[in-house]
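[1] Whatever this is, show me its structure:
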Amino acid sequence: MQEKYIPAEIEAKWQERWFAENTFKTVADETKEKYYVLEMFPYPSGNLHMGHVRNYAIGDVLARFKTMTGYNVLHPMGWDAFGMPAENAAIQRNIHPADWTYSNIENMKKQQKQLGLSYDWGREVATCREDYYRWTQELFLLFLERGLAYKKEAKVNWCEQCRTVLANEQVIEGRCWRCDSQVVKKNLSQWFFKITDYADRLLEDLDLLSGWPERVKTMQQNWIGRSEGTEFCFAVKDFPAETIDVYTTRVDTVYGVSYVVLAPEHPLVERLLMKSDRADEVRAFVDSVRNLNEIDRTGENVEKVGVFTGTYAIHPLTGREVPIWVANYVLYEYGTGAVMGVPAHDDRDYLFAHKYGLPRPVVIRPSAGEAPVDAAFTEDGVLIDSGDHTELSSAEAREAITREFTERGIGAKRVNYRLRDWLVSRQRYWGTPIPVIYCPDCGIVPVPKEDLPVRLPEDVQFESQATSPLETNAEFYHTTCPRCGKAARRETDTMDTFIDSSWYYLRYCDANNDKQAFAKDKADYWMAVDQYIGGIEHAILHLLYARFFMKVLRDAGMATASEPFERLLTQGMVLKDGGKMSKSKGNVVSPEEIVKKYGADTARLFILFAAPPERDLEWSDRGVEGAYRFLNRVWRIVDRYLAMPVAARELQPAETDLRRVLHRAVDKVTHDLDGRFNFNTAISMIMELVNAMHAYADARTDIEAGFRDELLRDLLIMLAPFTPHITEELWQAIGAPESSVHAAAWPQVDEAALAVATLEIAVQVNGRVRDTLTLAVDAPASEAEAAALALPRVQEFTAGKTVRKVIVVPNKIVNIVVG
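    From the prediction side, this is the model:
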């Protein structure tokens, strides 16, 4: 082996060989237990950042470890390649989105290969390629066939000057990013997926996900937001044909209603204003809030504001007139678009009523203790001033009042969800075309499967005044109806890119299939993903949509698994100077620079050693240098042991001690990697082994031949998942029989090697350590006591004193109590 460790030379050599020999190709093998490890695929933005490196390094360690422990491992990679940034680049840089995207893919793929990642590149997918989005379109048609895709009107950001729809990212302080005109909300007919049909299953099956962080499951549970309550209606004074429906989980507080609130978009608002002397004021308020997004209206720190409509609702139990308001915090898309205001028993209502001087009648008292002063009492209690329901408990009152509403035909018990159907239409170009045709006679007509894919045309205009860029290509837009043959038009919306990432893990199972999205037997062999790895920012939408897709495809008989991801690891961020790396802060560390200076193995080792994977990692230049120095120590120790004379004899005591350290390392590293992800402590144990090897080499002139081979072999195997290049090079140097360290079997712990004949235990006098004592393992207490009292150092502290008690904890400590 060469004398000096030169990462640039050995890493390029092994990367080229692995790629040329297709080392990491995977095929289904029924004789082996499968293991599917998957990192969330990236958007091809152009360059990897350290967060990517951390994500991929975690997955790569696991994939390599599982391969060496005998599993048939699937470890693929691909590109979430559709989306807004490519379209923006087309506008800003006058480059086609496809050219920009594919150029970025090539660059990022090169960077991934430089990291030595063990991907099966034969399964690579890119969601923007026809061989992928053709199947995304077919899955859309499946949803349509099963009644899970439908159209309805929904609001979009609309620029009147540009005559086009804007994404939320293109609205800057309420204005268009292109022309700076005011952006308004406009209703547009759009496609939705009925994810709400699966709300209960999505919620219930969270219990199956024992390998997911509780935090993520709680976030999904809250997002689905199942609640049981009562829906009932208020009559409207002077409008006998109108009612206002509300839903509440606290119908026991209904006697405390002092106002009702409508969403600004509620269709009843305009009808009420026909008999109101406040019409101008209300319309001005509605105009001021209707174009704000949900966060700007309902965020925790957003002030709750409203306006009185000048009209009244009739309380269903008391007959009392209740003022009807319009407020920013009520959204028409959520619930019924109206809420009852109970200021004495709801924190938000309390603040709103206080602001506008509305009554706050108390109708619930605590079962014990005093009600809060100057605050809402929001807990269950006992009803007061509540008509026939006074003195009922909250639980009893909820049942009784709901029963009364049901009997009167003005309400009923309801289950409600925070979850809303998934809006999947995007008025963008760079996405999967929705495979639907609009015929004047036949209506909505699915594109026949044999006519798929509906190809994205290359020639579109991004600056023209069109709802979607696809409208600007006449050849694409104008078509014929596949049913009647008459002139028709294509759908010009494209799909939300979350659809692309909702099934990609299934395509990896059968990535080259040109007859179907994936074969069921291939999916059933590999699914579910055993370990999924990605950022916490995807805890809700991506993961929820992927779970939804998996359940639909199972119901359609396309797969057996009911959940896509068995276990989930959400890795922490990579920080520098206490903050997230960003160009604006000037604290970005380029992976390419680190690889060029220190090598990919150093970058991987540092990022895996610096912190547990689920925690944030603080970047440290000194830490990187330390990882590089350690790999140089590994290089030197292998060289020293190869040069050391070997002896044919029994193991000497020093060799027995070193072998004990070796098998402690095997035991520790195996347990740390096998489902625990304690990469930092595993690496620390390997470092301890390397230190012990150097200490042995400093003190000894030879080594038993068989032990030397075992030592070097096991060291390189344990280090290989973390640093694949240096270990592959050193593997060749030690002359191991396997062609690659990554094809070698993981070492087994020799329990006999861990056994020790003697132990060093502490000796205390009155609780303070005064000396140590070496005893045989499990030595009798009498022997330990006698040996401890005989120690000269102990006798210094017991001379002239009475030994009152000697406490012996076997194999651990001797404590002598004197007085």
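
[2] By mean pLDDT, which helix or strand of this structure comes out lowest?
    The helix or strand of the chain with the poorest confidence is strand 164-166; it has a mean of 76 (mean pLDDT, DSSP states H and E).

[3] List the neighbours of the helix or strand that comes right after it that are in contact with it.
    As assigned by DSSP states H and E, the chain's next helix or strand after strand 164-166 is strand 171-172. For strand 171-172, contacts defined as Cβ atoms under 8 Å, 6 or more residues apart in numbering pick out 157, 177, 183, 293. Placement of C-beta: from N, CA and C, glycine included.

[4] Give me the average confidence score over the helix or strand hosting the third one.
    Okay, so that is Val183. Val183 is part of strand 183-193 when elements are defined by DSSP H and E. If you average the pLDDT over strand 183-193, you get 89.

[5] Ok, stretch 385-399 next?
    97.

[6] measure it end to end?
    Terminal residues of stretch 385-399 lie 18 Å apart, using Cα to Cα, to the nearest Å.

[7] Make 11 the first number, not 1, from now on.
    New numbering, starting at 11: the last item is stretch 395-409.

[8] now that stretch, how far from the centre of its chain.
    Put simply, stretch 395-409 sits 44 Å off its chain's centre (Cα atoms, centre = their mean, to the nearest Å).

[9] Contacts for that stretch, please.
    Contacts to stretch 395-409, defined as Cβ under 8 Å, 6+ apart, come from residues 240, 260-262, 265, 327-328, 371-374, 377, 390-394, 410-411.

[10] Buried subset of those residues, written for ChimeraX?
    Command for ChimeraX, covering only those of these found buried under the criterion 16 or more other Cβ atoms under 10 Å:
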select :240,260,261,262,265,327,371,372,373,374,391,392,393,410,411
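
[11] neighbours around Ser750, how many?
    18 (other Cβ atoms under 10 Å).

[12] Quick one: residues contacting the spatially closest residue to it that is not a sequence neighbour.
    Distances taken as Cβ to Cβ, 6 or more residues apart in numbering place Glu738 nearest to Ser750, at 6.4 Å, with adjacent residues excluded. By Cβ under 8 Å, 6+ apart, the contact set of Glu738 is 20, 24, 730, 750-752.

[13] Format the residues you listed as CSV; extra columns: secondary structure and distance to Gln122.
    Below are these laid out as CSV (DSSP: H, G, I helix; E, B strand; the rest coil; distance: Cβ to Cβ, whole Å):
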residue, secondary structure, distance to Gln122
Ile20, helix, 18
Trp24, helix, 15
Ala730, coil, 19
Ser750, coil, 20
Val751, helix, 21
His752, helix, 17
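
[14] so which of these would you say is closest to Asp520?
    His752 (25.0 Å; Cβ to Cβ).

[15] What about that closest one, how many residues nearby?
    For His752, the count of nearby residues is 22 (other Cβ under 10 Å).

[16] That one against Glu31, yeah?
    No: if you go by Cβ atoms under 8 Å, His752 and Glu31 don't touch, sitting 11.5 Å apart.

[17] so of the contacts of stretch 395-409, which ones are in strands?
    Within the contacts of stretch 395-409, residues falling in strands by DSSP state E are 240, 374, 392-393.

[18] I'd like the next helix or strand past the strand holding Val193.
    Per DSSP H and E, the first helix or strand lying C-terminal to strand 193-203 is helix 209-214.

[19] quick one: contacts of that following helix?
    Taking Cβ under 8 Å, 6+ apart as the rule, helix 209-214 contacts 205, 230-231, 234, 236, 427, 429, 554, 557-558, 561.

[20] Any quick ChimeraX command for the buried ones out of those?
    Of the contacts of helix 209-214, the buried ones can be selected in ChimeraX as follows, counting by 16+ other Cβ under 10 Å:
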select :205,230,234,236,427,429,554,557,558,561
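
[21] Would you mind giving the contacts of helix 209-214 as CSV with secondary structure and distance to Lys530 added?
    CSV is the format used below for those (three-state DSSP; distance: Cβ to Cβ, whole Å):
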residue, secondary structure, distance to Lys530
Ile205, helix, 23
Gln230, helix, 27
Gln231, helix, 31
Ile234, helix, 29
Arg236, coil, 32
Tyr427, coil, 31
Leu429, coil, 29
Leu554, helix, 24
Arg557, helix, 19
Phe558, helix, 19
Lys561, helix, 16
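
[22] wait, which of the contacts of helix 209-214 is closest to Trp131?
    Arg557 (27.8 Å).

[23] quick one: that closest one and Leu578 touch, right?
    No: here Arg557 lies out of contact with Leu578, judged by Cβ under 8 Å, at a distance of 11.0 Å.

[24] ok, back up a step: list the buried residues in the strand holding Val193.
    Quick answer for strand 193-203 (16+ other Cβ under 10 Å): 193, 196, 200-203.

[25] strands paired with that strand, and their directions?
    Applying DSSP bridges, strand 193-203 is found paired with strand 159-169 (antiparallel), strand 432-433 (antiparallel).

[26] Include mean pLDDT when you put the ones you listed into JSON lines, please.
    Listed next are these as JSON lines, based on pLDDT from 0 to 100:
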{"stretch": "strand 159-169", "mean pLDDT": "89"}
{"stretch": "strand 432-433", "mean pLDDT": "91"}
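
[27] Just the strands from the stretch 11-160 of the chain, written as ranges.
    Applying DSSP state E, counting those that start in this stretch to the stretch 11-160 of the chain gives strands spanning 44-49, 82-84, 88-89, 135-136, 159-169.

[28] how about the longest one: buried residues?
    Of all the residues in strand 159-169, those buried under the rule 16+ other Cβ under 10 Å are 159, 164-169.

[29] export those residues to CSV and tack on distance to Asn688?
    Putting those into CSV (distance: Cβ to Cβ, whole Å) gives the following:
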residue, distance to Asn688
Ala159, 45
Ala164, 47
Lys165, 48
Val166, 48
Asn167, 46
Trp168, 52
Cys169, 52
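
[30] In the residues you listed, find the pair that's most separated.
    Pairwise across the buried residues of strand 159-169, and taking Cβ to Cβ, the largest span is found between Ala159 and Cys169, at 27.8 Å.

[31] about what we covered before: looking at the contacts of Glu738, spot the one nearest Val819.
    For the contacts of Glu738, the nearest to Val819 is Ala730 (40.6 Å; Cβ to Cβ).

[32] Surely Leu579 is within a strand?
    Yes: counting by DSSP: H, G, I helix; E, B strand; the rest coil, Leu579 is found in a strand.

[33] ok, and the closest non-adjacent residue to it?
    Nearest one to Leu579, counting by Cβ to Cβ, 6+ apart, is Ile543 at 4.8 Å.

[34] Which residues are in contact with the one you found?
    47-50, 65, 68-69, 578-579, 581.

[35] Spell out, range by range, the strands that occur in the stretch 511-660 of the chain.
    Under DSSP E, counting those that start in this stretch, the stretch 511-660 of the chain gives strands at 541-545, 578-581, 584-586, 589-590, 627-628, 656-657.

[36] what's the residue nearest to Ala18 when sequence neighbours are not counted sitting at in phi/psi?
    What sits nearest to Ala18 in space, not counting adjacent residues and going by Cβ to Cβ, 6+ apart, is Gly609, at 6.8 Å. Here is the backbone geometry of Gly609 (degrees, to the nearest 10): phi 100, psi 160.

[37] Report the contact partners of the nearest residue to Ala566 once chain neighbours are set aside.
    In this structure, Ala566 finds its nearest non-sequential neighbour in Leu152, 6.0 Å apart by Cβ to Cβ, 6+ apart. Contact analysis of Leu152 by Cβ under 8 Å, 6+ apart lists 562-563, 566.
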